[in-house]
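A.B. asks: My questions concern the predicted model and sequence given below.
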Amino acid sequence: MLGSMHPLRRRSVLRNGVLGIASLGLLKPGTLHAGQQGRKKGAPRKRLAVIGAGASGIASAYFCDSAWQVDLFESRDKIGGHADTVSVTEGDRSYAVDIGAEFFHPNTHPLYWSFLAEIGARTDDPATSKVIEGPASLTIFDAGTGKARFGSDHALDDLPAALRFLTFTGEARKMTEPDAPWETPMGEWLDGLDIDDDYKRDILTPWLSSLTCGDTELVRTQSARAHLSSFAKTFPETIFEPVHTYNSTVGLEGYLRMLLDTCENTNVLTRAAVERLEERSGTWHVRTASGRHGPYDAVVVSAPPPVSKNFFTDLPGLGHIAEYLGAHEYHPTRLVIHRDPHYMPADKGYWSVQNAAADGRHCETSIWIGAYHGTQDLASRPSIFKSWAAHRATDPAEVLAERRFRHPLSTPRSLRAARDMMAHQGERNLYFAGSFTTITDLQESALYSGLKVAESLNPDGARLTSFKQRLADDDLLDTSYDIP
């Protein structure tokens, strides 16, 4: 048995009666095991290996499934990569909490927004839609005292500060335009803003760091355009407009399971960490601890650069790929899901969706999941929090889940390496998919990279054709996350 095989096809999932439960992550890994199966009559003859069952890898498999037999390799015991969804129960309800990316908005995620409608996850009927709308409120506060420095729901309490934030948001939107330079570091961009230095030091820099690395010095090294692209277009143009964003009722992992449930020719191999790639006579083999898999006519690498760079060190003529992947910069991150409001502002009236606790050089965020649920009565909202905790002094009392991983730093150096590597996309039937191939790190860019792979490997596929027609109808065909 080559790894743990999960032919996640619609009929097998429905036969086991676990589609809804699996999509919510309520089953333990391994529930949908099946053995290696022979090639079905009429199945595609071409074979494709996709390394990494995260959002970009699964998107690649989904769009290529009709023309290729796809083996999807995942090192962990479940799909999702950083799209790891945990189910938390409070009372008689369960809530899907994403350990990785969770929020999205049509202004920052136009392809993703359209795709959720394409696959039936986003509908006009609240009873069937797996998308919920909620506030995008923000509080920045002192971690030591718990006192708020800025609260978006209290902006008019300090009108000069609100106007400074409005100036910032206007400049941030400009920096996300296609002609904005991606080489400009965040520190250089911030220093050039016509906003007083105290406000930059006490409000803007801590908050911006909380969105990525939690380090007020390190955030200054990141590409301003890349960092701001993840949220700036959601800002309103006046301080009187409400700010909102969107989330998933099943988590990103639930969306990914929806894709796999429709695939007829894709097998998911879990606990199958790839050790190296081998190329012989124009075909590829994938080596894992359980053996040698293949031959494959093409390979898609969507595993993150710290892992995938090792696939190419011994391959003749591909040392430059290892160098490009090795140039990507990351930082260690720790995330905890918990029940007690350990990292929240002292005044509950300042509790927001995003609560950034500034503590000297560091500033980390706590997301209040309850802000999306319940009524206006704060007591009705679930006490569930998702917090970054790499630099916190103490831990919450009731930790439900913990995850440590390496978070990408979209520095000019990383983006330059991505641009140079993608100039070799498709050479020797080797492809790359993932946010590390694009200008920003979002669900949106993961989907985009899978689309680009499919345009080469299955350009006439029905799924790709249908989705591109939807994009044409939505005037989104020219959307690009390539690095110029």
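C.D. replies: Yes, it's here.

A.B. asks: for the stretch 151-300 of the chain, which spans come out with low pLDDT?
C.D. replies: Within the stretch 151-300 of the chain, no range satisfies pLDDT under 70.

A.B. asks: Mind listing what's buried along whichever strand or helix holds Ile337?
C.D. replies: Ile337 is part of strand 329-338 when elements are defined by DSSP states H and E. Going by neighbour count (16 or more other Cβ atoms under 10 Å), the buried part of strand 329-338 is 329-330, 333-338. Yep, even glycine has a C-beta here, placed from its N, CA and C like the rest.

A.B. asks: Next, format these as CSV and append pLDDT and distance to Gln443.
C.D. replies: Shown next, in CSV, are those (pLDDT from 0 to 100; distance: Cβ to Cβ, whole Å):
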residue, pLDDT, distance to Gln443
Glu329, 96, 21
Tyr330, 95, 19
Thr333, 94, 17
Arg334, 96, 22
Leu335, 95, 17
Val336, 96, 22
Ile337, 96, 19
His338, 96, 24
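
A.B. asks: Packing partners of the next helix or strand after the strand holding Ile337?
C.D. replies: Moving toward the C-terminus from strand 329-338, the next helix or strand (DSSP H and E) is strand 354-359. Helices and strands touching strand 354-359, by 3 or more Cβ pairs under 8 Å, 6 or more residues apart in numbering; DSSP states H and E, are strand 138-142, helix 205-210, strand 362-368.

A.B. asks: Dump strand 354-359 to CSV, restricted to CA.
C.D. replies: Output of strand 354-359 as CSV, limited to C-alpha atoms (Å, rounded to 0.1, in the frame of the first residue of the first chain):
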residue,chain,number,x,y,z
GLN,A,354,-9.5,41.6,15.3
ASN,A,355,-7.8,42.5,18.5
ALA,A,356,-4.1,43.5,18.2
ALA,A,357,-2.1,43.5,21.4
ALA,A,358,0.9,45.8,21.2
ASP,A,359,3.7,44.7,23.5
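
A.B. asks: what's the average pLDDT for that strand?
C.D. replies: Strand 354-359 shows a mean pLDDT of 97 in the predicted model.

A.B. asks: Report the strands that pair with that strand, each with its relative direction.
C.D. replies: strand 138-142 (parallel), strand 362-368 (antiparallel) (DSSP bridges).

A.B. asks: okay if I get those strands as JSON lines plus mean neighbour count, mean pLDDT and distance to Leu269?
C.D. replies: Formatted as JSON lines, those follow (neighbours: other Cβ atoms under 10 Å; pLDDT from 0 to 100; distance: least, Cβ to Cβ, whole Å):
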{"stretch": "strand 138-142", "mean neighbour count": "23", "mean pLDDT": "97", "distance to Leu269": "41"}
{"stretch": "strand 362-368", "mean neighbour count": "25", "mean pLDDT": "97", "distance to Leu269": "32"}
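
A.B. asks: Return the distance of the strand holding Ile337 from the chain's centre.
C.D. replies: From the chain centre to the centre of strand 329-338 is a distance of 13 Å (Cα atoms, centre = their mean, to the nearest Å).

A.B. asks: circling back to that earlier point, as CSV, the buried residues of strand 329-338 with distance to Gly319 would be great.
C.D. replies: Below are the buried residues of strand 329-338 laid out as CSV (distance: Cβ to Cβ, whole Å):
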residue, distance to Gly319
Glu329, 20
Tyr330, 21
Thr333, 29
Arg334, 34
Leu335, 35
Val336, 39
Ile337, 41
His338, 45
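
A.B. asks: rewinding a little: out of the strands paired with strand 354-359, which gets nearest to Thr262?
C.D. replies: Nearest to Thr262 among the strands paired with strand 354-359 is strand 362-368 (30.5 Å), distances taken as Cβ to Cβ.

A.B. asks: Please state the offset of the helix or strand following the closest one from the chain centre?
C.D. replies: Per DSSP H and E, the first helix or strand lying C-terminal to strand 362-368 is strand 385-388. Offset of strand 385-388 from its chain centre (Cα atoms, centre = their mean): 16 Å.

A.B. asks: what's the following helix or strand after strand 385-388?
C.D. replies: Assigned by DSSP H and E, the successor of strand 385-388 is strand 399-409.

A.B. asks: and that next one, which strands flank it?
C.D. replies: With DSSP bridges as the test, strand 399-409 is paired with strand 329-338 (antiparallel).

A.B. asks: can you list contacts of the partner strand?
C.D. replies: 86, 88, 97, 99, 213-215, 218, 304-306, 384-390, 395-409, 411, 413-414 (Cβ atoms under 8 Å, 6 or more residues apart in numbering).

A.B. asks: Can you flag the buried ones in these?
C.D. replies: Buried members of the contacts of strand 329-338, scored by 16+ other Cβ under 10 Å, are 86, 88, 97, 99, 213-215, 218, 304-305, 384-390, 395-396, 400, 406-409, 411, 414.

A.B. asks: And the strands paired with strand 354-359: which comes nearest His82?
C.D. replies: That would be strand 362-368 among these, by Cβ to Cβ, at 15.2 Å.

A.B. asks: Isn't Ser466 up against Glu118?
C.D. replies: Yes - Ser466 is in contact with Glu118 according to Cβ atoms under 8 Å; the separation is 7.0 Å.

A.B. asks: Which of the two has more residues huddled nearby?
C.D. replies: For Ser466 versus Glu118, neighbours defined as other Cβ atoms under 10 Å are more numerous around Glu118 (16 against 11).

A.B. asks: That one: what's it in contact with?
C.D. replies: Contacts for Glu118 (Cβ under 8 Å, 6+ apart) come out as 466-467, 470.

A.B. asks: Can you give me the pLDDT of Lys130?
C.D. replies: 97.

A.B. asks: dump the residue contacts of it.
C.D. replies: Contact partners of Lys130, counting by Cβ under 8 Å, 6+ apart, are 116, 121-122, 248-250, 254-255.

A.B. asks: Fine by me, we can end here.
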